[in-house]
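Q: here you go, sequence then predicted model.
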Amino acid sequence: MHASRRPFVGGNWKMNTDLASGAELADALMAALVAAGSEGVIDAAVYPPFPYLFTVGRTLGHSPILLGGQDCAAEASGAFTGQVSADMLCDIGCRSVIIGHSERRHGLQEGDEFLHQKLAIALESGLQAVLCVGETLAQRDDGLAEAVVAKQLRGCFGTLTAETADRVVVAYEPVWAIGTGRTATPQDAQAMHASIRGVLADLYDSRFAAQTRIIYGGSVNAKNARAIFAEPDVDGGLIGGASLKAEDFASICRAAAEAWSAAGGH
Ligand code: PEP
């Protein structure tokens, strides 16, 4: 953590919960964040499945927890059966969206050019975007991790101006660590986050790089969060499995708040 960057912790529910349990999870999460003393101290967000967004949003009410979509279409509107636009997300109260999660990059073959379009349209709609990047295990083993992530960043930010792109949170999510129980070491995460900050400085400038939040995702849980968040370039986390348990997610948010406070933030 760094004092100048407010931590961000997002809970990606993926294709889990049903309508009732999603609302219950949101309710439990609000209570757990208050109990953990981290409500409003950091930026916390939840990304429920599309059909439950409205209900979860209603449940969250005036809570500072941000509501977000797990994806959005690359087009503004029209004949795109089954897709959900960024404006539609805004319309039902979302303020954030995940773009380029590895389960879409690799599972659905979404490439950088396409993700750039999604990112541009999400930002144009006024959403904050969590842009996911990360290498596969084979790419890491071949020594290509930093080059792969740099290419993803360049392709996804593309022609966006610094003024537009300042609402992007970058999520470094090594593909081999997502849902596997295997986390990057805090040192591995720090090294990649520093490298990402270098690419952002090159794409924009050092001020932009210094103010952009870079969060880590990949099997973060209530036990390992503290050590990862202690690293100076790690500004929070994108949490999958552990976000489905209110107590665990609240503990992770608390770890972020404590790491920030230890770094001199408030
Ligand atoms: C994710 O889905 O972004 C993720 C990091 O999942 P998990 O925490 O389950 O590895």
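A: Nice, thanks for sending it over.

Q: what parts of the stretch 1-150 of the chain come near the ligand?
A: By C-beta under 6 Å from any ligand atom, the residues of the stretch 1-150 of the chain that approach the ligand are Asn12. For glycine as for every other residue, the C-beta is placed from the backbone atoms N, C-alpha and C.

Q: give me the pLDDT for the closest residue to the ligand within the stretch 1-150 of the chain.
A: Nearest to the ligand in the stretch 1-150 of the chain, going by C-beta to the nearest ligand atom, is Asn12, at a distance of 4.4 Å. If you check Asn12, the pLDDT there is 98.

Q: residue contacts, it?
A: Tyr47, Gln70, Ile98, His101, Gly217, Leu238, Ile239, Gly240, Ser243 (C-beta atoms under 8 Å, 6 or more residues apart in numbering).

Q: excluding sequence neighbours, find me the nearest residue to the closest residue to the ligand within the stretch 101-250 of the chain.
A: At 2.2 Å from the ligand, Gly240 is the closest residue in the stretch 101-250 of the chain, using C-beta to the nearest ligand atom. Excluding the flanking residues, the one nearest Gly240 by C-beta to C-beta, 6 or more residues apart in numbering is Asn12, at 5.1 Å.

Q: bridged to that neighbour, which residues?
A: Going by DSSP bridges, Asn12 is paired in beta bridges with Tyr47.

Q: distance of the residue of the stretch 1-150 of the chain closest to the ligand relative to Ile215?
A: 11 Å (C-beta to C-beta, to the nearest Å).

Q: now do the shared contacts for the two.
A: Taking C-beta under 8 Å, 6+ apart as the criterion, Asn12 and Ile215 both touch Leu238.

Q: the strand or helix carrying Val170 pairs with which strands, parallel or anti?
A: Here Val170, judged by DSSP states H and E, is contained in strand 168-172. Under the criterion DSSP bridges, strand 168-172 sits next to strand 128-133 (parallel), strand 214-217 (parallel) in its sheet.

Q: can you show me the CA trace of that strand as CSV?
A: Provided in CSV are the C-alpha atoms of strand 168-172 (Å, rounded to 0.1, in the frame of the first residue of the first chain):
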residue,chain,number,x,y,z
VAL,A,168,-9.2,2.7,-14.5
VAL,A,169,-8.1,0.4,-11.7
VAL,A,170,-5.7,-2.2,-13.0
ALA,A,171,-6.1,-5.7,-11.6
TYR,A,172,-3.0,-8.0,-12.0
